[in-house]
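Participant: mind folding the following:
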Amino acid sequence: RTAVKRIVGLPGERVAIRDGEIYVNGELVRKSLAQLRECVQHVYDDSFRRAENEHEECLRPRWQAGGDSAWRRTESGFAFEPEAPVQSAREDLLVFQFGRPRPPNYGGGASPVNDAYGYNQGLNRGLNHVVDLLLTCEVDLQDQGLLIIAMHDGHRVWKCEFHPRENEIRWYQGNEQVAEAPTSTPLVGDGFTLEVAICDRQVLVGINGISELSHRLPDEANSAAPTAEPISISTNDRPVEIHGLRVFRDLYHLNPHYRADDWEMEAALGTDEYFLLGDNSPNSVDSRHYGAVKRSSLVGIAMPGADR
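Facilitator: Purely as a prediction, here's the structure:
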């Protein structure tokens, strides 16, 4: 039977699955931004927001701002429209909440992003939290503006600042700057397409389809503790417009029993053997079950995968 799978293990390599991630010969496999685009699953697309009067009393939008916020919903996104320049220590945040955010009187609340698949409706299984996320949107900035994207990696908050006057990206953990990069595209003018991701213990930033920043995050000894509000957007007191907000998640790989427990191959692949995985990990039959695949059994053209 012919099937489309990803080749994740090459001859001589030993594949393992830990916390939903792929490891080869003990090293975490890290994807580039281009490779991440090929793997991600949709989480939320603000272009398909519900009607304002649809279940207004019990279901709020995924993107939330405070009651006195200067963020305003527009037809295609959000605009930050301060009535006057204000110097305040309080951040005016536009926050993404996963799940089904409900008012307190209805019970329940937002929850961390999980590995649900929209096309696995009949599959009964436990869901796993996912912290590897990608945010994409269209941005219009002013010359003296500032855009800040904050993302939670399951351990701490990281912030990516976009400075249009300097055409520069700066990456922070707390108040400590840990990386910076100039942009190849001006941040002021006709607007730009923005991509910001935390994936495979690294930050990835792209502008207009070009990878601008890639920075590895430190390894963590403890398991991730995801938050229900993994992404927020803020600015200074200058107007900014954001359109087409989309949130994606990375693949979350399961062991051969379709569970989140760690798993590793018993031995390295032979000189003519390959290890294959399907993207629909909770429902795929692949090398986790039937083992290595010989080169002679591979047909078609192999698409580029993660760098190793």
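Participant: tell me the centre residue of the protein?
Facilitator: Geometric centre of the chain, nearest residue: residue 133, 1.3 Å, by C-alpha atoms, centre = their mean.
Participant: separation between that residue and residue 158?
Facilitator: Counting by C-beta to C-beta, to the nearest Å, the gap from residue 133 to residue 158 is 12 Å. Glycine gets a C-beta too; all of them are placed from N, C-alpha and C.
Participant: anything in contact with each of those two?
Facilitator: Contact with both residue 133 and residue 158 is made by residues 151, 198, according to C-beta atoms under 8 Å, 6 or more residues apart in numbering.
Participant: does the residue nearest to the centre of the chain have any beta-bridge partners, and if so which?
Facilitator: Beta bridges link residue 133 to residue 198, residue 249 when assigned by DSSP bridges.
Participant: show me the contacts for it.
Facilitator: By C-beta under 8 Å, 6+ apart, the neighbours of residue 133 are 43, 113, 151, 197, 198, 199, 230, 231, 247, 248, 249, 250.
Participant: rerun at 10 Å
Facilitator: Residue 133 sits next to 40, 43, 96, 98, 113, 151-153, 196-199, 226, 230-231, 247-250 when contact means C-beta atoms under 10 Å, 6 or more residues apart in numbering.
Participant: next: residue 298.
Facilitator: When contacts are counted by C-beta under 10 Å, 6+ apart, residue 298 touches 5, 7, 274, 276.
Participant: in the stretch 201-308 of the chain, which spans are strands?
Facilitator: In the stretch 201-308 of the chain, strands defined by DSSP state E, counting those that start in this stretch lie at 202-207, 210-216, 231-235, 240-249, 263-264, 273-277, 293-294, listed in chain order.
Participant: now the longest one, how far from the chain's geometric center?
Facilitator: If you compare the mean C-alpha spot of strand 240-249 with that of the full chain, they lie 12 Å apart, counting by C-alpha atoms, centre = their mean, to the nearest Å.
Participant: can you report how many residues neighbour the closest residue to residue 201 other than its chain neighbours?
Facilitator: Once flanking residues are discounted, residue 201 sits nearest to residue 217: 4.8 Å by C-beta to C-beta, 6 or more residues apart in numbering. Burial of residue 217 is recorded as 18 neighbouring residues (other C-beta atoms under 10 Å).
Participant: does residue 217 really touch residue 155, like I thought?
Facilitator: Yes: in this structure, residue 217 is within contact of residue 155 by C-beta atoms under 10 Å, at 8.8 Å.
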